[in-house]
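Trainee: Here is a sequence together with a model predicted from it:
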2 protein chains.
Amino acid sequence: MRYDPAEFLARDDISRLQLSRLRTTCERAARSRLYARKFREHGVAPEDIKSLDDLRRLPFTTKQDLRESYPDGLNTVPADQMVRLHVSSGTTGTPTVVYHTASDVRWWSSLVARCMRMVGMTPADVFQNTTSYGLFTGGLGMHYGAELLGCMAIPMGAGNTQRQVKLIQDFKVTALHIIPSYALYLADYLARQGLDPRSLGLRIALVGAEPYSEETRRRLEDIFGFKAFNSYGLSEMNGPGVAFECREQNGMHLWEDAYLCEVIDPVTLEPARPGQVGELVLTTLCREGMPIVRYRTRDLTRVLPGPCPCGREHLRIDRITGRSDDLIIIKGVNIYPIQIEQVLMSLPEVGQNYLIELTREGHIDQIRVKAEVREEFFVEDMRALAALRERIAHRLRDEILVTPKVDLVEPNSLPKSEGKAVRVVDLRGKE
Amino acid sequence: MRYDPAEFLARDDISRLQLSRLRTTCERAARSRLYARKFREHGVAPEDIKSLDDLRRLPFTTKQDLRESYPDGLNTVPADQMVRLHVSSGTTGTPTVVYHTASDVRWWSSLVARCMRMVGMTPADVFQNTTSYGLFTGGLGMHYGAELLGCMAIPMGAGNTQRQVKLIQDFKVTALHIIPSYALYLADYLARQGLDPRSLGLRIALVGAEPYSEETRRRLEDIFGFKAFNSYGLSEMNGPGVAFECREQNGMHLWEDAYLCEVIDPVTLEPARPGQVGELVLTTLCREGMPIVRYRTRDLTRVLPGPCPCGREHLRIDRITGRSDDLIIIKGVNIYPIQIEQVLMSLPEVGQNYLIELTREGHIDQIRVKAEVREEFFVEDMRALAALRERIAHRLRDEILVTPKVDLVEPNSLPKSEGKAVRVVDLRGKE
């Protein structure tokens, strides 16, 4: 692919580009039913955007807005100009849908290709996409980016681990797109087969679609010998290609020529203080068919301070520490599952799989953490296991301020998933 | 997309183009390990190709050749020039693999887009791809073609019939890519839901990936109110986009600017007589990364005589009547499953699902055909059912020259598949 100069835009140029694209975005958006109404209700018009600060005059957009606009209330061009449609699974209600024009698909692909080149992928890489294709945006999104970069893309799709491994071996795969829980599963699978994960020769893993901890990343890098780069995206903003780590692995550069980023306090809706964690709010800057203004992603992160040694001036966001939806409230305390994962994955005795169960005993909520112990530590010495259990409970209490019950279980005894892992089971009120 | 003049090439121009591309193909192929050896063994060199008749001096390529060349023995360019790889499932041995350069993917997409436009699809169509994505070439192959044409493509993938129907309804889908057995399944599903298939508003179905009979096509068209167009392709020749019906529905135009077609007697390997059914042999004319010369597809068909009223001069092949592999030999008689399907689907009393079981009683092979009877005909009148059974057995004997046992079973009682249907179960020697 041709070199994309937007990757190294200077701050001033980014701001200039953002303002001009924000105006275009608002002009386009105003043609949609949703924004025609919202802009009117908020007494704002595209021509009111005279500086980037005027962004705050625009209304937020929520998941609920998208649902109520189903199927095409955000569209700004006739259907015959659209070439692609992705739909969320809609397990919790009306699905949300994103339409793309040919230009939108090209933009999306070029952003993904830019991410891949940033982490060091070249046309000489062989790239296996281990996530599902079809409506899931991580499939076609990564695929188009890899082809545009000129890698050889293997559209393996999700599941069928035996075949995944055979293809990695036979075609000398060097780079994977993989969900963190599946990477852990794959590590276990290889161990059971007596295969050394490092013998696969993988050098890069693009890891996304689920929140996961720094401890898990380091563990995966240690097991496989690859560099794992965090990927951030959501289907409302295309899918992958929104923000990505560079080789410094110190936060994800958010492509500001394509997305305007805010972090807000989810309660007051005011801008978060610099460095404070809040809800990420994104505005598309290059979308033609279905622009979205100030979308409340429900993802929690913060903008990282200071320049990146890599020289790219696109701002960096911290890894996603959770979603407002994932929040577990136990005994009045806010807990994110990622906090529990961090503790577990920092302990060498703990295996790759764990499960958090929420129960109610009488009127008291309880949290139970089931963790697999690694083969070599799962001894018959009950006292050693009891001591480990004690230690884990202690560490967890320090982190989440609630004392959980801890069950240590045999390796490979917890339910496995070849897709996104189910880490939290809420049994409260269901017993 | 830009209009593709190759669609209406005149016969002379096709021949001229074929000769020049055949030479290029041979020059490229000679750089691969497989063809360097094969050409040497056959005492033939690319410069020997002086007319299209010289094609016959070139060696055949078989599935076995592809397997023995696994993983990259047919490649003519370094791996870093490849952008895609598809692998067959390899259920019956070593998988076969096809590599594509960026130019190969563009060619493939443009051939699929040409097929779609030929059957009347336009950018105003909403296209749902109901086959699986990932390594199956019917997924990405059709998807890229639809996007190139400018349709709105919904990458639904296989299965999840409830969701398929919701998307068809909500997004006013007008065109489907569908496997025939799944189309029959979908018809049954809609009937069970009390939905009229014609109310979906589908106008075009691209039907392929499995052999199916003209009777099934007419039945599907009658149920859904769409026009069903037959698609032919195989992963070794990219996948879909090799040959496709035009709106005349009288055989499939094989794109001769991209594929050189022969039909041979599979026993003598000599050219079949004009109009005679034989094995289709194809040579790629535009493949850059992995050209294939005289590939024995094992698909049985014939070249149809006379010009097509549509004015396209690319030759037409008949629907695939079976594969050499599908051949059932019972009591010394050759039977193709499609012959049995033809008889069953021509009878209004027979439902959408059937199963062929081969058994051995003593030393005698038996063929048993289980057919679902449609709800309204499945009466308690044993005499009526016995008469129907008799009639089916009689019709089948006329067609396949062997008298099968016929079992009439209740609607929806045979195993269903949301993927490719299993129509033949061979129990011989397994009892």
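Mentor: Structure received. Residues are numbered from 1 along each chain as shown, chains lettered A, B, ... in the order given.

Trainee: Nearest spatial neighbour of whatever residue of the stretch 251-400 of chain A ends up closest to chain B, chain-adjacent residues omitted?
Mentor: The minimum distance from the stretch 251-400 of chain A to chain B, using C-beta to the nearest C-beta, falls at residue A:289 (9.7 Å). C-beta coordinates here come from the backbone N, C-alpha and C atoms, glycine included. Computed as C-beta to C-beta, 6 or more residues apart in numbering or on different chains, the closest residue to residue A:289 that is not its neighbour in sequence is residue A:101, at 4.1 Å.

Trainee: so who does the residue of the stretch 251-400 of chain A closest to chain B touch?
Mentor: By C-beta atoms under 8 Å, 6 or more residues apart in numbering or on different chains, the contact list for residue A:289 reads A:75-77, A:81-82, A:99-101, A:104.

Trainee: And residue A:84, which helix or strand is it part of?
Mentor: Using DSSP states H and E, the element containing residue A:84 is strand A:82-87.

Trainee: Spell out whether that strand and chain B are in contact.
Mentor: Yes. Part of strand A:82-87 sits near chain B under the criterion C-beta under 8 Å from any C-beta of the partner chain, namely A:82-87.

Trainee: And those, which of them are buried?
Mentor: Buried by 16 or more other C-beta atoms under 10 Å in any protein chain shown: A:82-87, out of the residues of strand A:82-87 next to chain B.

Trainee: Please pull up the helix or strand immediately following the strand ranked longest in chain A.
Mentor: In chain A, with assignment by DSSP state E, the single longest strand is strand A:350-361. Scanning forward in sequence from strand A:350-361 by DSSP H and E, the next helix or strand is strand A:364-373.

Trainee: So in that sheet, which strands flank that following strand, and in what orientation?
Mentor: strand A:350-361 (antiparallel), strand A:405-409 (parallel) (DSSP bridges).

Trainee: Measure how the next helix or strand after it sits relative to strand A:405-409, angle-wise.
Mentor: Once strand A:364-373 ends, the next helix or strand along the chain (criterion: DSSP H and E) is helix A:382-400. Counting by axes from the mean of the first three to the mean of the last three C-alpha atoms, to 10 degrees, helix A:382-400 lies at 130 degrees to strand A:405-409.

Trainee: residues of helix A:382-400 that come out buried?
Mentor: A:385, A:388-389, A:392-393, A:395-396, A:400.

Trainee: Would you mind listing what in chain A touches chain B?
Mentor: Near chain B, when you scan chain A using C-beta under 8 Å from any C-beta, you find A:70-71, A:79-87, A:97, A:99, A:102, A:105, A:122-124, A:126, A:132-135, A:139-140, A:143, A:146-147, A:150-157, A:167, A:170-171.

Trainee: In CSV, list the C-alpha atoms belonging to stretch A:249-269.
Mentor: The C-alpha coordinates for stretch A:249-269 follow below in CSV (Å, rounded to 0.1, in the frame of the first residue of the first chain):
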residue,chain,number,x,y,z
GLN,A,249,3.2,-0.5,24.1
ASN,A,250,2.3,2.5,26.2
GLY,A,251,-1.3,3.2,25.4
MET,A,252,-3.2,3.2,22.2
HIS,A,253,-2.9,5.9,19.6
LEU,A,254,-6.4,7.0,18.6
TRP,A,255,-6.5,8.1,15.0
GLU,A,256,-7.5,11.7,15.4
ASP,A,257,-7.8,12.4,11.7
ALA,A,258,-10.7,9.9,11.7
TYR,A,259,-12.2,10.2,15.2
LEU,A,260,-12.6,13.1,17.5
CYS,A,261,-12.1,12.0,21.1
GLU,A,262,-13.5,13.2,24.4
VAL,A,263,-13.4,11.6,27.8
ILE,A,264,-16.3,12.6,30.1
ASP,A,265,-17.5,12.0,33.6
PRO,A,266,-20.4,9.6,32.9
VAL,A,267,-22.5,11.1,35.7
THR,A,268,-22.0,14.9,35.2
LEU,A,269,-21.3,14.5,31.4
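
Trainee: gap between that stretch and the chain center?
Mentor: 13 Å (C-alpha atoms, centre = their mean, to the nearest Å).

Trainee: Report the buried residues of it.
Mentor: A:251-264.

Trainee: Pull the most distant pair out of the residues you listed.
Mentor: Taking C-beta to C-beta as the measure, these span a maximum distance of 21.7 Å, between A:257 and A:264.

Trainee: The buried residues of helix A:382-400 into JSON lines, with extra columns for pLDDT?
Mentor: Supplementary listing: those in JSON lines, determined by pLDDT from 0 to 100:
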{"residue": "A:385", "pLDDT": "87"}
{"residue": "A:388", "pLDDT": "91"}
{"residue": "A:389", "pLDDT": "92"}
{"residue": "A:392", "pLDDT": "93"}
{"residue": "A:393", "pLDDT": "92"}
{"residue": "A:395", "pLDDT": "91"}
{"residue": "A:396", "pLDDT": "91"}
{"residue": "A:400", "pLDDT": "85"}
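
Trainee: Distance to residue A:247 added to the residues you listed, as CSV?
Mentor: Below are those laid out as CSV (distance: C-beta to C-beta, whole Å):
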residue, distance to residue A:247
A:385, 41
A:388, 36
A:389, 39
A:392, 34
A:393, 38
A:395, 32
A:396, 33
A:400, 33
